[in-house]
Every structure is written in C-alpha cells, then in structure tokens.
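> turn this into a model:
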Amino acid sequence: MWGVSVIVVQLKLVPSPEQAAALAATLRAVNTQANHVSRVAFTTGTRRNFALRKRVYADVRVAGIGSQAAQHVIKKVADAYTALAANLRNGNHGRPGSQRRRAVESKPVVFRPDAAQPYDARNLSFALDARTVSLWSLGGRLKGVPFTCSPEQLKVPAEHRRGEADLVVRDGMWFLLVGVTVPDAPAYEPDGFLGVDLGIANIATASDGRIMAGRRLNRYRRRQARLRQKLQAKGTTSAERLLKRQRRKESRRGRDANHVTSKRIVAEAERTGRGISLEDLTGIRARVRQRKPQRATLHSWAFAQLGTFISYKAKRAGVPVVFVEAAYSSRECADCHYTHHRNRISQARFVCRSCGVVAHADRNASRVLARRGQEAWNAGRPSGDP
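Alright, predicted model coming up:
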C-alpha cells in the first residue's frame, strides 16, 4: 500500500501597500486575541482545544475575529501548550525546580504581534492559473493578492491536495506556507545500498566515493559567529534586530545546502537502483562530547534536517531508506570489519591496524553504513524514519 507525505510549499505574496497594511493589522489582532486566550488557559488550567473553545470563543468573536479564524487562534494556543508540555517532559527547559524551568512554568505562553496565523479552505482560496489568493482579513476578504513562485513549486499544490496554510511575515515580506499531501512512489527492491556518512567537514560522503564538502558553508558559519560576537557586544536595539535577520539568513543558507545535498544523494540512488543507508543520529548532541571550540559547530549543523530531507525526497522517488546503528562506524574497517579507536588516525585518514588498508575516513565509514543497510534490509527491518 502506498503511503503519503506532507510537504510544505512556500509561496511569496506580493500584496499592494493597502493589502499589506490589512494583513499586518490582521496578524496584530489575531495574536492579541491569542495572548488573551493564552492567559485564560494559564490561569484556569484549561489547555485542550475543545474545552478552551467553550471558554473563550465568544470573547474572540466579539473582538471582530471571524469564526474560522477564531477557531484557528484557539487551536494555535492549545497546540502551543501541548508543545510546551512536551518540551518540559523532555527536559528542554531544564531540570524540575531549576530557575530556567520555573521561569517558563510561571507565565503564560506569549505570541509575537507578527506570529504566523493558520488558514484553511474556508478562509483561503487559490486561483493558481492567475497566481493570486483570496484570504480573510480583519477588514474583510482580500481578493486578488498576487503570489510568486517557481513553476516547479506551483506544480505541487496544483496537482495534489492542499491542507492548511500559515500566513507568515519575515523582514517585511509576506509568505504562505502551504501544506500539500503528496503520494509516495512505490518502493522498489534495491540492488544494494548507498551508504551516506553525515559530517561537519564534509556534509555527506557516499559509499561510491562522492564527497559533498562543507568547507564553504563552514567558512560562512565562522564569519557569522564573529559577526554575532560583535553585535552581541554592542547590545543595542538595532544590533538585536540585525542579529535576528542574520540568524534567519544563516538558517536559510544551511537549509538550502541540505536541500541540494539531499537531492543529489536521492538522484544518485534512484539512477543506480540502490537504496539509501543513513546513520541513526537521534540524540547525537547529547551523546557526543566535544571541546568548547567545537560545540558551536556541532550544534549549528542540522543533521536531523538533512536526514529528513533525504527521507522525504526518497519516499517521493520510491527509493528505499533504512536508518542503521551509527556506533563505531568511523572506527570499523569496511574491508575486514576490524574495529579499533586508533584506526581513524585523523579527521580525513583511516588506516586499519589489522589488514593495513588506507582509505578516506568518511568514505570508509559510508561503506560500513552501506553494508549495515543491506544487512538491515535482508533482516526485514522496515524502511523509513527511525
């Protein structure tokens, strides 16, 4: 049975000045009400969507918010508290009783005036041929709002079922992030596996010898880190504003690199009829101990994002994916399977102390992952996310 994937398509809105003002006023209004609903949820302990709706729906409607938008406001607040509870449970805000955790637990969730607002088919419609949208606003329905995107992006929402969309503003630019349900292609029986070793010096190294170097991106990240230090030292309002813009820019740069890398990996596996074997890097930041200068580099690299991109692109192409145990893959010899911590003598050089083979360290690790992927597939381990 074929599965489905939900992908997000970003459409850039090009509103007129009047339309942009109406959208800005709409976000301010809905987020003002979201903060009111959040305070009610915090003081009463009512944090489930349906129960919260019974308490505050009338208040939100009286404030001039449309019926469908009001329900989205309430659900947005309920979802925020669900996410907060999960983060507290997982220790992401510190240990129980810690100062950081008490600060989070002692106040309601707060929404920025320009926080994203969800829309659905009842208050948002598309004219894809004309490349315009019609959407609810505080002052009434805004019709004929133009949007722009590439032909490839437009093809996805035109051919597949659209779900909810988020209205987002970033640096004065307006976007719709549209969720689209796309059916997965049927997975084929792989003729071997392409092992992929993820890293920092090299973004990804494939078992066929292909290396996707990360030198340029790492140099960019180091420049950004030096700029952050200077701006943080200033501490002015304009410096804080620039810090936010630079952080978003760096995130987009890394995301683009991960998209390009994942596309190349999936295309190569599809071309050769192989599956993809990836390391299961769940919890890597908690497991790996690094010297202080290396911590920022490790924590700024989106391993999980790259793995997710490879996984969903592979599903759309019908390429089987398995996630395998990553332990000791950098120390095991791909030829004789001898494992020793001194086999990897440097970041780039691997010399087996048993059979004497000399290899590029990341390529050797990727060959180990390819073998483990084949073994997992033969053993009947299900493919997909870990």
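> packing partners for the top helix by length along the chain?
The residue-count maximum for a helix in the chain (DSSP state H) belongs to helix 237-272. When contacts are defined as 3 or more CB pairs under 8 Å, 6 or more residues apart in numbering; DSSP states H and E, helix 237-272 sits against strand 193-198, strand 202-206, helix 215-234, strand 275-279, helix 303-317. In short, each C-beta sits where N, CA and C put it, glycine included.
> what lines up beside the fourth one in the sheet?
This points to strand 275-279. Strand 275-279 has the following strand partners under DSSP bridges: strand 193-198 (parallel), strand 321-324 (parallel).
> give me the average confidence score over that strand.
Summarised as a single mean, pLDDT over strand 275-279 is 93.
> between that strand and helix 303-317, how big is the angle?
Counting by axes from the mean of the first three to the mean of the last three CA atoms, to 10 degrees, strand 275-279 lies at 170 degrees to helix 303-317.
> list the contacts of strand 275-279.
The contact list for strand 275-279, computed with CB atoms under 8 Å, 6 or more residues apart in numbering, reads 190, 192-198, 265-266, 269, 307, 310-311, 314, 319-324, 326, 329, 369-370, 372-374, 376-377, 383.
> before we move on, the earlier item: take the helices and strands packed on helix 237-272 and write them to CSV, including mean neighbour count and distance to residue 355.
Shown next, in CSV, are these (neighbours: other CB atoms under 10 Å; distance: least, CB to CB, whole Å):
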stretch, mean neighbour count, distance to residue 355
strand 193-198, 27, 19
strand 202-206, 23, 21
helix 215-234, 13, 31
strand 275-279, 28, 23
helix 303-317, 20, 30
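> and the ones you listed as JSON lines, adding distance to residue 15?
Below are these laid out as JSON lines (distance: least, CB to CB, whole Å):
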{"stretch": "strand 193-198", "distance to residue 15": "40"}
{"stretch": "strand 202-206", "distance to residue 15": "37"}
{"stretch": "helix 215-234", "distance to residue 15": "31"}
{"stretch": "strand 275-279", "distance to residue 15": "41"}
{"stretch": "helix 303-317", "distance to residue 15": "30"}
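> of the ones you listed, which is nearest residue 158?
Relative to residue 158, the nearest member of those by CB to CB is helix 303-317, separated by 16.0 Å.
> who touches the residue nearest the centre of the chain in this structure?
The centroid of the chain falls nearest to residue 305 when counting by CA atoms, centre = their mean (5.3 Å). Neighbouring residues of residue 305 by CB under 8 Å, 6+ apart: 254, 255, 258.
> which one of those is nearest to residue 112?
Nearest to residue 112 among these, with distances taken as CB to CB, is residue 255, at 21.3 Å.
> what's the neighbour count on that closest one?
Look at residue 255: counted by other CB atoms under 10 Å, it has 14 neighbours.
> excluding chain neighbours, what is closest to it?
residue 305 (6.9 Å; CB to CB, 6 or more residues apart in numbering).
> look up how far residue 203 lies from that neighbour.
Relative to residue 203, residue 305 is positioned 11 Å away (CB to CB, to the nearest Å).
> which residues do those two both contact?
In contact with both residue 305 and residue 203: residue 258, using CB under 8 Å, 6+ apart.
> identify the residues contacting stretch 42-53?
Residues contacting stretch 42-53 (CB under 8 Å, 6+ apart): 37, 40-41, 55, 71, 74-75, 77-79, 81-82, 85, 107-109.
> just the buried members of the residues you listed?
Neighbour counting with 16 or more other CB atoms under 10 Å marks 37, 40, 41, 71, 74, 75, 77, 78, 81, 108, 109 as buried within the contacts of stretch 42-53.
> between which two of the residues you listed is the distance greatest?
Among these, 71 and 108 lie farthest apart (CB to CB), at 19.8 Å.
> list the contacts for residue 37?
52, 56, 59, 60, 73, 74, 77.
> just the buried residues from the residues you listed, in PyMOL please.
The PyMOL command for the buried members of the contacts of residue 37 (criterion: 16+ other CB under 10 Å) is given here:
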select buried, resi 52+56+60+73+74+77
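> low-confidence ranges in this structure?
1-2, 282-302, 381-386 (pLDDT under 70).
> so who does residue 369 touch?
By CB under 8 Å, 6+ apart, the neighbours of residue 369 are 195, 196, 197, 207, 277, 278, 279, 324, 326, 329.
> the third one against residue 203, yeah?
No: counting by CB atoms under 8 Å, residue 197 sits too far from residue 203 to count as a contact (10.1 Å).
> would you agree residue 137 falls within a helix?
No: judged by DSSP: H, G, I helix; E, B strand; the rest coil, residue 137 forms no part of a helix; its state is coil.
> so who does it touch?
Here residue 137 is in contact with 22, 23, 25, 26 (criterion: CB under 8 Å, 6+ apart).
> nearest to residue 213, of the residues you listed?
residue 23 (41.4 Å).
> buried ones in the helix or strand harbouring the closest one?
Residue 23 is part of helix 17-44 when elements are defined by DSSP states H and E. By neighbour count with 16+ other CB under 10 Å, helix 17-44 contains the buried residues 19-20, 22-24, 26-27, 29-31, 33-42.
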